[in-house]
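S.K.: Okay, predicted coordinates and the sequence, questions at the end:
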Amino acid sequence: MDKEIAITSDVVEPFQVKYLYFVLKRVADVLISFIGILFLVPLMIFVKVLYLLSGDFHSIFYRQKRLGKHGKEIRIFKFRTMVVNAEEILEDWLKNNPEKRKEYLRDRKIDNDPRITKVGNILRKTSLDEFPQFLNIFLGDMSLIGPRPVVPDEVKKYGKQKNKFLSLRPGLTGYWASHGRSNTTYKERIKMELYYIDHCGILLDLKIMFKTFIAVFKKDGAK
């Protein structure tokens, strides 16, 4: 984790500076997401062919309920990486593995997740499963950079900092997402997400974009 995470004081900027930053950020979101959507079409065909070749004829898309800015419920788009009956498998698996259940409730992740398909494993390792979220960015539900969106019951982990966490649009990538993702604990994730909210700005966003490209290339924290 970067040393800068240890900084606890908020960065106070003039209202005009922050307002201009968020305006420019939204313009960049629209332009970049539009370009991303153009690449999404051929990628959809590629993913569909992979699933068909593996004998899976179900939809390649998955929509999940998450919390957006100010707690508004949104549906994020993803390429499906799990089997269709994933929730049933998870429930049975956790019921038979009490230690793993504690681990899942604490970190919201499972090592060697039994629900992930072979195609889904490839999509996760390359982070391509998140690509359809360019649609969410274009529609204004998300931003290119921000805290990663969480499911409704997950926001409880932020305690008194919940409203602060929900004060920004969630991002396709962000400080936590570019600094290890699955290689961090959930407590470290919370600290990173709140750090970004306190210090967000053009320079930090550019740094996050650079680190995201490096992380995707090296497959750091991708599971």
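M.R.: Happy to help now that I have it.

S.K.: going forward, measure contacts and count neighbours with C-alpha atoms only.
M.R.: Fine.

S.K.: buried ones in the helix or strand of the chain with the lowest mean pLDDT?
M.R.: In the chain, no helix or strand scores lower on mean pLDDT, DSSP states H and E than helix 98-107, which sits at a mean of 73. Neighbour counts over helix 98-107 (16 or more other Cα atoms under 10 Å) mark 100-101 as buried.

S.K.: Check stretch 185-203 too.
M.R.: Buried-residue list, stretch 185-203, by 16+ other Cα under 10 Å: 186, 189-197, 199-201.

S.K.: and it, how far from the chain's centre?
M.R.: Centroid displacement of stretch 185-203 relative to its chain, using Cα atoms, centre = their mean, to the nearest Å, is 13 Å.

S.K.: returning to what we had before: check what contacts the least confident helix or strand of the chain and list those residues.
M.R.: With contact meaning Cα atoms under 8 Å, 6 or more residues apart in numbering, helix 98-107 is reached by 94-95, 109-110, 185-186.

S.K.: 7 Å instead?
M.R.: The list of residues contacting helix 98-107 from outside it, by Cα atoms under 7 Å, 6 or more residues apart in numbering, reads 94, 110, 185-186.

S.K.: Next SSE downstream of it?
M.R.: Of the helices and strands lying after helix 98-107 in sequence (DSSP states H and E), the nearest is helix 118-125.

S.K.: show me where this structure has helices.
M.R.: 15-53, 86-96, 98-107, 118-125, 134-139, 162-165, 186-199, 202-218 (DSSP state H).

S.K.: measure M192 to H199 for me?
M.R.: When distance is defined by Cα to Cα, to the nearest Å, M192 is 11 Å away from H199.

S.K.: any weak-confidence spans in this protein?
M.R.: 1-15, 219-223 (pLDDT under 70).

S.K.: center of it - which residue?
M.R.: R148 (4.1 Å; Cα atoms, centre = their mean).

S.K.: That one against P170, yeah?
M.R.: Yes. R148 is within contact range of P170, at 5.2 Å (criterion: Cα atoms under 7 Å).

S.K.: coming back round to it: adding distance to F34, write the buried residues of stretch 185-203 out as JSON lines.
M.R.: Formatted as JSON lines, these follow (distance: Cα to Cα, whole Å):
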{"residue": "Y186", "distance to F34": "32"}
{"residue": "R189", "distance to F34": "29"}
{"residue": "I190", "distance to F34": "30"}
{"residue": "K191", "distance to F34": "31"}
{"residue": "M192", "distance to F34": "28"}
{"residue": "E193", "distance to F34": "26"}
{"residue": "L194", "distance to F34": "28"}
{"residue": "Y195", "distance to F34": "29"}
{"residue": "Y196", "distance to F34": "25"}
{"residue": "I197", "distance to F34": "25"}
{"residue": "H199", "distance to F34": "27"}
{"residue": "C200", "distance to F34": "23"}
{"residue": "G201", "distance to F34": "22"}
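
S.K.: Can you tell me which of the helices of the chain is most buried?
M.R.: helix 134-139 (a mean of 21; mean count of other Cα atoms under 10 Å).

S.K.: which residues are in contact with that helix?
M.R.: 29-30, 33-34, 36-37, 76, 142-144.

S.K.: okay, these in a markdown table with distance to V83 next?
M.R.: A markdown table is the format used below for these (distance: Cα to Cα, whole Å):
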| residue | distance to V83 |
| --- | --- |
| D29 | 31 |
| V30 | 32 |
| S33 | 28 |
| F34 | 30 |
| G36 | 26 |
| I37 | 25 |
| I76 | 18 |
| M142 | 26 |
| S143 | 28 |
| L144 | 28 |
